[in-house]
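**Student:** fold the following and give me the result.
(one chain, ligands or ions: 2)
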Amino acid sequence: MDPGSIERAYAAAREKYAERGVDSEKALARLQTIPLSLHCWQGDDVAGFERRSESLAGSGLQVTGNAPGRARDAEELRADMAQAFALIPGRHRVNLHAMYGEFGDKPVDRDAIEPSHFRGWEEWARRLGLKLDFNATCFAHPKAASGATLSCRENGVRKFWVDHVKCCRKIAASIGREQQAACIHNLWIPDGSKDVPTDRWGARAALLKSLEEIFAVEYSPQQMKDSLESKLFGIGSESFVVGSHEFYLGYALTRKKMVCLDLGHFHPTESVADKISAVLPFTGEILLHVSRGVRWDSDHVVLLNDEVRDLAAEIVRSQALDKIHIALDYFDASFNRIGAWVLGARSMLKGLLVALLEPQDKLRELDSSSKTLSRLALLEEIKALPFGAVWDYHCHKNGVPPADEWLREVDAYERRVLSRR
Ligand code: RNT
Ligand code: ZN
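**Tutor:** Numbers count the residues shown, from 1 in each chain. Ligands and ions are numbered 1, 2, ... in the order given. The predicted structure is shown next:
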């Protein structure tokens, strides 16, 4: 697309939106300030750098596909992420997992990891103007193979994972201090059971005990913030998940923590978008894992589907954009992994743009006067407004390819770099 036609199409779109009382310039200015936290684990199929054979053991996570060029070390993963960021408009964040530390030659077990193992990431992020977030890795490890970590009734195993999460929170706080912005530490554990359990109480009591031990250490919210991620079920935890939504919501509300709502972690007819206005007034802040559930899988690449549109609309309508942290969470190795990052991130940003272009005042007016038919008609009508022209202009202004032109660069990177790995 040539710049002239992008600008002409935008000028026409801007008028269309103005006719509806929407200032597209304002929408774009707001979009520019919203960071997404891009998950490093899409780049290497959640393998990490520990050179373990237990890939994803006890995790209930499954990556399918064998596209060429999986990142094998930090250097490669950073290069791939930098390539992805070059095709995503805006300034964003990087979401790390503990298994992505740079551990050198001697093996470092999870209960002994330190801030120094993440200095390489910090330096890189500083150079690129990115902020980091962090996650404990309570899976893909022999001590997680039984499917119980923080809820394990065997004290040695439980203690090991408590120590791991303590290390991770310390690392998150150190990162936050260095980058002078809070690093979000998210905790997800795979604990649960494939078949009907009888001791739900024991498992949850053990998890509660572990959490109390972990959070006994306090950090300044300027440095790090905690969130807890629930799940409905996973592979191998079909009958019971210890860290369910109710469990973590209760914990978060009473201990002033955030919950992380993953779009793939609820019953398919449940709306995560609807949960934001129900949870945020009580937790103050919230973390989202934007993903796409497809049948049994909760981790397909994000697209601009109804769930993402609804979610983005609720985020924007909340008027609390800075309290809602948006991270992506999916992993697909069946096509170019960098393309997966770019496609998912751009889809989420498009969702936010569509939401920012809503005629909010008009809709609220129709809402409050119970003009249901008019409201629905307007909601339908604005779907036909030319947001694509606004999006292309946004990409153009940010120096990234408009439309699907980013594909060319992904293909070129695959030929130049990925296919040679
Ligand atoms: C798993 C959770 C969790 C993971 C990452 C790798 O069901 O969604 O967020 O995807 O921590
Ligand atoms: Zn998640």
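**Student:** got a pLDDT number for the nearest residue to His325 once chain neighbours are set aside?
**Tutor:** Distance criterion C-beta to C-beta, 6 or more residues apart in numbering; nearest residue to His325, sequence neighbours excluded, is Leu287 at 4.7 Å. Placement of C-beta: from N, CA and C, glycine included. Note for Leu287: predicted pLDDT of 99.
**Student:** now Leu287: phi and psi?
**Tutor:** Phi and psi for Leu287, reported as degrees, to the nearest 10, are phi -110, psi 140.
**Student:** tally of neighbours for it?
**Tutor:** 24 (other C-beta atoms under 10 Å).
**Student:** residues touching it, list them.
**Tutor:** 184, 186, 227, 229, 258-261, 325, 327 (C-beta atoms under 8 Å, 6 or more residues apart in numbering).
**Student:** buried ones in stretch 312-329?
**Tutor:** For stretch 312-329, the neighbour count (16 or more other C-beta atoms under 10 Å) marks 312-317, 320, 324-329 as buried.
**Student:** wait, Gln360 touches Gln319, no?
**Tutor:** No - judged on C-beta atoms under 8 Å, Gln360 makes no contact with Gln319 at a distance of 9.3 Å.
**Student:** separation between the single nearest residue of the stretch 301-421 of the chain relative to ligand 2 and ligand 1?
**Tutor:** At 3.8 Å from ligand 2, Asp329 is the closest residue in the stretch 301-421 of the chain, using C-beta to the ion. Taking C-beta to the nearest ligand atom, to the nearest Å as the measure, Asp329 falls 5 Å from ligand 1.
**Student:** quick one: the helices in the stretch 201-350 of the chain?
**Tutor:** Secondary structure of the stretch 201-350 of the chain (DSSP state H, counting those that start in this stretch): helices located at 245-255, 272-283, 306-317, 337-356.
**Student:** close to ligand 2, is the first one?
**Tutor:** It stands for helix 245-255. No - judged by C-beta under 5 Å from the ion, helix 245-255 stays clear of ligand 2, getting no closer than 12.4 Å.
**Student:** off-centre distance for that helix?
**Tutor:** The gap between where helix 245-255 is centred and where its chain is centred comes out at 20 Å by C-alpha atoms, centre = their mean, to the nearest Å.
**Student:** so which bits of the chain are right by ligand 2?
**Tutor:** Looking at ligand 2, the residues of the chain close enough under C-beta under 5 Å from the ion are 262, 289, 329.
**Student:** against Met348, how distant is the residue of the stretch 301-421 of the chain closest to ligand 2?
**Tutor:** 11 Å (C-beta to C-beta, to the nearest Å).
**Student:** overlap in contacts, the two.
**Tutor:** Contacts common to Asp329 and Met348, judged by C-beta under 8 Å, 6+ apart, are Val290.
**Student:** for ligand 1, what are the nearby residues on the stretch 301-421 of the chain?
**Tutor:** Applying C-beta under 6 Å from any ligand atom, we find that the stretch 301-421 of the chain lies next to ligand 1 at Asp329.
**Student:** any idea which residue of this protein is furthest from its center?
**Tutor:** Ser369 (36.9 Å; C-alpha atoms, centre = their mean).
**Student:** what about that residue, distance to Leu363?
**Tutor:** Distance from Ser369 to Leu363, by C-beta to C-beta: 11 Å.
**Student:** cool, and Ser230?
**Tutor:** Applying C-beta to C-beta to Ser230 and Leu363 gives a distance of 31 Å.
**Student:** show me what contacts Ala403?
**Tutor:** 1, 388, 392, 395.
**Student:** output the lowest mean pLDDT helix or strand found in the chain.
**Tutor:** strand 297-300 (a mean of 94; mean pLDDT, DSSP states H and E).
**Student:** what lines up beside it in the sheet?
**Tutor:** Here strand 297-300 has these sheet partners by DSSP bridges: strand 292-294 (antiparallel).
**Student:** contact partners of the strand it pairs with?
**Tutor:** 263-264, 268, 299-303, 305, 307-308, 330.
**Student:** can you do 7 Å?
**Tutor:** 263-264, 268, 300-303, 305, 330 (C-beta atoms under 7 Å, 6 or more residues apart in numbering).
**Student:** same check on stretch 340-348?
**Tutor:** By C-beta under 7 Å, 6+ apart, stretch 340-348 touches 36, 38, 42, 84, 87-88, 290, 301-304, 308, 326, 328, 330, 332, 406, 410.
**Student:** returning to what we had before: farthest-separated two in the buried residues of stretch 312-329?
**Tutor:** Largest separation among the buried residues of stretch 312-329 by C-beta to C-beta: Arg317 and Asp329, giving 22.9 Å.
**Student:** and the contacts of Ala403, which is closest to Val46?
**Tutor:** Cys395 (29.2 Å).
**Student:** identify the residue spatially nearest to the closest one, adjacent ones excluded.
**Tutor:** Nearest to Cys395 is Pro402, by C-beta to C-beta, 6+ apart, at 4.3 Å.
**Student:** measure that neighbour to Tyr393 for me?
**Tutor:** With C-beta to C-beta as the criterion, Pro402 and Tyr393 are 8 Å apart.
**Student:** hey, what's in contact with both of these two?
**Tutor:** Looking at what touches both Pro402 and Tyr393 (by C-beta under 7 Å, 6+ apart), the common residues are Ile6.
**Student:** excluding residues flanking it in the chain, which one is nearest the residue of the stretch 51-200 of the chain found nearest ligand 2?
**Tutor:** Nearest residue of the stretch 51-200 of the chain to ligand 2, counting by C-beta to the ion: Trp188, 6.0 Å away. Closest residue to Trp188 apart from its sequence neighbours, by C-beta to C-beta, 6+ apart: Glu229 at 4.0 Å.
**Student:** next, count neighbours for that neighbour.
**Tutor:** 21.
**Student:** test my guess that it contacts Lys257.
**Tutor:** No - contact criterion C-beta atoms under 7 Å: Glu229 and Lys257 do not qualify, at 11.0 Å.
**Student:** what residues sit buried inside the longest helix seen in the chain?
**Tutor:** The residue-count maximum for a helix in the chain (DSSP state H) belongs to helix 155-179. Using 16+ other C-beta under 10 Å as the burial criterion, the residues of helix 155-179 that qualify are 157-158, 160-179.
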